[in-house]
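A.B. asks: Provide a 3D model corresponding to the input given below.
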Amino acid sequence: MFSQLLFLYDFIIFNRFDFLTFMNETHVKLLAERLNLPELCIKNTLKLLMEGATVPFISRYRKEMTGGLNEVEIIAIRDQWKKLVEIDKRRETILRSIEEQGKLTEELKKRLENTYRLQELEDLYLPYKPKRKTKASVAREKGLEPLALFLLEQTPRQVEEEAKKYITSEVPDTDEAIKGACDIIAEMVNENEHARHAIRRLFADEARIFSEVVKGKAAEGIKYNDYFNFEEPLRHCPSHRFLAMRRGMEEGFLKITIEPDRRKALQALKKIFIKNSSSPSARYVEKAIEDAYRRLLQPSIETEFFNAHKEKADEEAIKVFAENLRQLLMAPPLGPKRILAIDPGFRTGCKVVCLDEQGNLLHHETIYPHPPHEEKEKAREQILQLIETYRTEAIAIGNGTAGRETEEFIRQIIHEPTPVIYMVSEAGASVYSASEVAREEFPDEDVTVRGAVSIGRRLMDPLAELVKIDPKSIGVGQYQHDVDQKRLKESLDEVVESCVNKVGVNVNTASKHLLMYVSGLGPQLAQAIIEYRKKQGPFTSRTELLNVPRMGTKAFEQCAGFLRIPGAQNPLDNSAVHPESYPVVEKMASDLNTSVSMLMQDAGLRKQINLQHYLTDTIGLPTLHDIMQELEKPGRDPRMQISSFEFSKEVHSIDDLRPGMILPGIVTNITRFGCFVDIGVKQDGLVHISQMSHRFIKDPAEVVKLHQPVKVKVLEIDVARKRIQLSMKAVKEDKNSSS
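C.D. replies: This is a model prediction of the structure:
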C-alpha cells in the first residue's frame with residue numbers, strides 16, 4: 001500500500017503544468033469513461049503521442065506521466081482518440097452540407113454537435129443527405145408530398161376523393177397518385193430516427209443469420225456444405241464461423257441473410273406510424289410501411305449489422321493472429337551457436353548449410369538420404385564431416401516435407417549429447433528465400449540455400465529472422481486474407497515493434513530489418529546506421545549514434561534505450577537504462593564511493609540505495625524501480641530457455657494413427673475454437689476448446705502457447721478428409737484413472 005501511495009504522489013507532482021489547452025476536453029472525458037482511465041493519464045499520453053513518442057517508449061520510459069499505462073492501454077487511447085477525431089470530421093461535413101441546403105435549425109445543430117455516436121449522426125443526416133433519383137423524389141416532383149402527409153394524418157376522410165386533387169398529365173389517375181404518395185411515405189419511414197432505432201434494437205436482440213447454397217453451386221462449393229442450410233442467432237455466431245460463411249459468399253457459393261422476425265419488425269413500425277387503424281388511410285400507410293421495410297429499411301439495417309459483425313469478427317481474428325505472432329516472435333532463442341541447418345526434401349535432396357555464431361553462411365551442400373536418390377551412407381559421412389569441420393553445436397531441421405524422415409535419419413547418426421537436434425518451423429521460409437531481402441543478403445545463392453539459412457537462423461534467434469518476413473506469411477492465424485488488411489498490417493506491425501523493443505537490439509550486429517522496428521528509427525535511419533557501421537566500424541557508445549546522418553535528438557531519445565552495445569566502456573550502454581537516466585545511476589555509484597560497473601556487479605551495494613534520495617523533477621519511483629531491476633540483470637533477455645522435442649517413433653503418417661493413442665505434439669496454431677497440434681504425421685490435428693481443459697475456458701490461449709510441447713490423445717481420424725480430432729483433457733483423465 002505504501003509503494004502505491006508513493007506512486008500516486010509521484011504521478012501528481014510530476015504533472016503540475018498547463019495540460020494541452022488546445023486539446024478537446026470532450027475527447028478526454030469520453031476516453032476516460034470508455035476506457036476507465038484517469039483523465040490526466042489520457043491527456044499526458046495523447047500529448048506524448050502528438051509529440052512523436054512511440055508506444056514502446058511511452059510505456060517503458062514515461063511511466064510518471066502516464067501513471068504506468070501498459071502498451072495495450074496506450075494503443076487503446078490512441079485508437080479510440082482517432083475514432084473520435086474521425087467523428088468530428090464527419091460531423092463538420094454533415095453540418096456544412098445541411099447548412100448549405102438552408103435547413104440547419106438550432107435544435108438540429110445542437111443534436112449534431114452533442115453526439116459522439118456515428119450511427120446517430122448518420123440517422124440525423126439521412127433525411128438531408130443528397131440522393132440520386134428515387135421513387136420518392138420522382139413522386140415529390142409530381143407534387144404528391146401533400147397527399148402523403150394527408151395519408152399519414154389518417155383522418156376519416158376518403159382517400160380516393162383526396163387523391164383526385166392530384167391528377168395531372170403526369171399523374172393520370174388516383175391509383176397513380178396514391179402509389180406515389182406511398183413511395184414518399186416509405187422513404188419517410190426509412191429516414192425516421194425512431195423507426196431506425198426500433199428496427200436496430202430488434203436486430204440486436206433477435207436477428208438471425210441465414211446461410212444457403214447458391215443454386216447450382218452445391219457440387220462446386222462442397223467445402224462449405226456445413227453452411228448450405230444453416231441458421232443461428234447472430235449474437236451467437238462466433239467470428240470464425242462468420243468469416244467462413246462470408247468467404248463462401250465472396251466466392252459465390254453461399255447467400256447470407258441477416259434479419260429478425262419480419263412480423264415483429266412490421267409491428268414495431270406500425271406502432272410508430274399507425275395512429276388510427278380505422279381510418280381509410282391506414283391500410284395505405286401499412287402498405288407503405290411494408291414496402292419501406294422490405295425495400296429500404298431492412299436492407300439498410302442488415303448491411304449495418306453485417307458490417308458491424310464483420311468488424312467485430314475482424315478484430316477477434318486479428319487479435320488471435322497478433323497474439324500468436326507475439327508468441328512466435330518471443331519464442332526462446334538458442335543464442336549464438338554454430339548451427340548445421342537442413343531444409344529437407346525427397347526428390348531434390350536435403351539442402352544443408354553451416355552457420356557460424358553470428359549466423360554467417362560458411363558452407364552449403366546437398367545430401368540425398370531419402371528415395372528416390374537414396375544415398376544414406378554417403379549422406380551420413382557428409383553430415384559427420386560437416387559437424388567436425390565446422391564444430392557444429394546444434395542441428396536445425398525444417399518441419400516441412402521430409403522433415404520427420406530427415407529428423408529420424410539424423411538421430412540415427414548422432415549418438416552424443418551434442419550437437420542437440422531441433423525441429424524448426426518452416427512457415428514463411430519460402431517467402432523469405434524468394435524475397436528482395438534474401439537476394440540482398442545472398443545474391444549469389446539460390447532459394448534453397450537461403451531457405452536453409454533462414455531455418456538455422458530461426459533457431460538462433462527467431463525474432464531477428466522472422467522480422468524479415470511479412471507477418472501474414474508466417475502462418476499463425478486464420479482467415480488472415482478475409483479481414484481488413486490495413487488494420488491487420490497495423491496490428492501485426494505493432495506486435496513486431498513491441499517484441500523487438502521488449503527484447504532490445506544489438507546495434508552492432510542487427511540487420512536493417514530488425515533495426516527498422518526499433519522505437520524512433522524506421523527504414524531510413526536503420527539503413528543509415530548500417531552504412532555508418534560499415535564505414536566507421538562498430539559503435540562504441542550510445543552517444544556515437546548522434547553522429548549517424550539524420551539522427552536527431554528526438555529520434556535518439558526514442559531509440560537509445562532499446563539499442564544495446566555489448567562491451568561498451570559505459571556498462572549502461574548494454575542495458576535498458578535510458579541515457580537520460582545515466583546521471584542518477586552515476587550519482588548512486590558516487591554516493592557509495594564506487595563505480596557504475598561495481599554497482600551492477602555487487603548486490604550488497606545496491607541494497608544500500610535509498611531510492612527516495614534520487615527523486616527528481618523527471619525521475620520518480622517507477623523509473624527508479626526499473627533502473628534497479630536493470631542494474632541487477634543488465635540487458636536481460638525476457639525470452640525463456642529453449643528445449644528440444646521429439647515426436648513419437650510409432651507414427652509417421654495419418655494411416656498409423658489409432659483412436660486412444662497418446663502422443664507428444666507441438667502447438668502450431670491457436671484459434672478461438674481450439675488449437676492445432678503437430679503430432680508428426682504431416683497433418684495437424686485439432687484440439688477443440690472443449691477438449692483442452694476440465695475447467696471452462698473462454699480462450700484457448702488460457703491453456704496453451706504457440707510452439708508449446710503438449711501430450712494429446714487421438715479421438716477420431718478421418719483419413720479421407722485429412723482431419724484428426726485430438727484431446728488434451730482425455731490425457732489428464734487417463735493419468736488420473738491410472739493413478
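
A.B. asks: buried sites along the host helix or strand of Ala177?
C.D. replies: In this assignment (DSSP states H and E), Ala177 forms part of helix 174-191. Residues 174, 176-191 are the ones in helix 174-191 that count as buried (16 or more other C-beta atoms under 10 Å). C-beta: built from backbone N, CA, C; applies to glycine.

A.B. asks: Next secondary structure after it?
C.D. replies: By DSSP H and E, the next helix or strand past helix 174-191 is helix 193-206.

A.B. asks: so what strands line up beside the next helix or strand after that following helix?
C.D. replies: Per DSSP H and E, the first helix or strand lying C-terminal to helix 193-206 is strand 208-213. Partners of strand 208-213 in the sheet, by DSSP bridges, are strand 229-233 (antiparallel), strand 254-259 (antiparallel).

A.B. asks: can you list the weak-confidence ranges in the stretch 551-700 of the chain?
C.D. replies: Residues of the stretch 551-700 of the chain meeting the criterion pLDDT under 70: none.

A.B. asks: quick one, strands of it?
C.D. replies: Applying DSSP state E, counting those that start in this stretch to the stretch 551-700 of the chain gives strands spanning 563-564, 662-671, 674-678, 685-688.

A.B. asks: repeat for the stretch 401-550 of the chain
C.D. replies: For the stretch 401-550 of the chain, the strands defined by DSSP E, counting those that start in this stretch occupy 420-424, 505-506.

A.B. asks: got these as TSV, with mean neighbour count and distance to Glu465 columns?
C.D. replies: Converted to TSV, the strands of the stretch 401-550 of the chain look like this (neighbours: other C-beta atoms under 10 Å; distance: least, C-beta to C-beta, whole Å):
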stretch	mean neighbour count	distance to Glu465
strand 420-424	22	10
strand 505-506	19	13
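
A.B. asks: can I get these in JSON lines with distance to Val704 and mean pLDDT?
C.D. replies: As requested, the strands of the stretch 401-550 of the chain are exported to JSON lines (distance: least, C-beta to C-beta, whole Å; pLDDT from 0 to 100):
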{"stretch": "strand 420-424", "distance to Val704": "18", "mean pLDDT": "92"}
{"stretch": "strand 505-506", "distance to Val704": "29", "mean pLDDT": "94"}
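
A.B. asks: right, so of these, which gets closest to Tyr227?
C.D. replies: Nearest of the strands of the stretch 401-550 of the chain to Tyr227, taken as C-beta to C-beta: strand 420-424 at 36.1 Å.

A.B. asks: quick one on the thing from earlier: so which of the strands of the stretch 401-550 of the chain is nearest Thr155?
C.D. replies: Of all the strands of the stretch 401-550 of the chain, strand 505-506 sits nearest to Thr155, with 79.0 Å by C-beta to C-beta.

A.B. asks: Against which helices or strands is that closest one packed?
C.D. replies: Secondary-structure packing of strand 505-506 (3 or more C-beta pairs under 8 Å, 6 or more residues apart in numbering; DSSP states H and E): strand 563-564.

A.B. asks: give me that answer again for 10 Å
C.D. replies: Under the contact criterion of 3 or more C-beta pairs under 10 Å, 6 or more residues apart in numbering; DSSP states H and E, strand 505-506 touches helix 462-466, helix 512-515, strand 563-564.

A.B. asks: Average pLDDT for the longest one, rounded please.
C.D. replies: I take that to be helix 462-466. Mean pLDDT, computed over helix 462-466, is 91.

A.B. asks: try the second one
C.D. replies: Mean per-residue pLDDT for helix 512-515: 94.

A.B. asks: Using PDB, write out the CA atom coordinates for it.
C.D. replies: Extracted as PDB, the C-alpha positions of helix 512-515 are listed here (Å, rounded to 0.1, in the frame of the first residue of the first chain):
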ATOM      1  CA  LYS A 512      18.400  -3.300 -41.200                       C
ATOM      2  CA  HIS A 513      15.100  -5.200 -41.000                       C
ATOM      3  CA  LEU A 514      15.500  -5.600 -37.200                       C
ATOM      4  CA  LEU A 515      16.700  -2.100 -36.600                       C
END
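
A.B. asks: hang on, the earlier thing: pick the most deeply packed of the strands paired with strand 208-213.
C.D. replies: strand 254-259 (a mean of 18; mean count of other C-beta atoms under 10 Å).

A.B. asks: centre of the chain versus that one, how much separation?
C.D. replies: 27 Å (C-alpha atoms, centre = their mean, to the nearest Å).

A.B. asks: How about residues contacting it?
C.D. replies: 202-203, 206-215, 217, 221, 224, 227-228, 230-231, 234, 237, 242, 244-249, 265, 293, 298-299, 301-306, 309 (C-beta atoms under 10 Å, 6 or more residues apart in numbering).

A.B. asks: Buried ones among the residues you listed?
C.D. replies: Neighbour-count burial within these applies to 202-203, 207-211, 213-214, 217, 221, 224, 227-228, 230, 234, 237, 242, 244-249, 265, 293, 298, 301-302, 304-306, 309; the criterion is 16+ other C-beta under 10 Å.

A.B. asks: Leu296 touches Ala186, doesn't it?
C.D. replies: Yes - assessed by C-beta atoms under 10 Å, Leu296 is found in contact with Ala186 at 6.4 Å.

A.B. asks: what touches both of these two?
C.D. replies: 134-136.

A.B. asks: right, and out of those residues, which lies closest to Ser643?
C.D. replies: The closest of these to Ser643 turns out to be Thr134 (C-beta to C-beta; 67.3 Å).

A.B. asks: State the number of residues packed around the closest one.
C.D. replies: 15 (other C-beta atoms under 10 Å).

A.B. asks: need the contact list for the closest residue to it other than its chain neighbours.
C.D. replies: Leaving out its chain neighbours, the residue that sits closest to Thr134 by C-beta to C-beta, 6 or more residues apart in numbering is Glu187, at 6.5 Å. Applying C-beta under 10 Å, 6+ apart, we find Glu187 in contact with 126-127, 131, 134-137, 139-140, 148, 288, 291-292, 295-296.

A.B. asks: Among those residues, find the lowest-pLDDT one for me.
C.D. replies: Lys131 (85).

A.B. asks: need the contact list for Glu141.
C.D. replies: 133, 170, 180.

A.B. asks: May I see the residues you listed organised as TSV, with distance to Glu716 and pLDDT added?
C.D. replies: Listed next are those as TSV, based on distance: C-beta to C-beta, whole Å; pLDDT from 0 to 100:
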residue	distance to Glu716	pLDDT
Lys133	59	91
Glu170	70	93
Gly180	63	96
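
A.B. asks: what helix or strand is the spatially closest residue to Pro371 that is not a sequence neighbour on?
C.D. replies: Nearest residue to Pro371, sequence neighbours excluded (C-beta to C-beta, 6+ apart): Phe346, at 6.7 Å. Using DSSP H and E, Phe346 sits within no helix or strand.

A.B. asks: Pretty sure Phe346 sits against Gly400.
C.D. replies: No - counting by C-beta under 10 Å, Gly400 is not a contact partner of Phe346; they are 11.0 Å apart.
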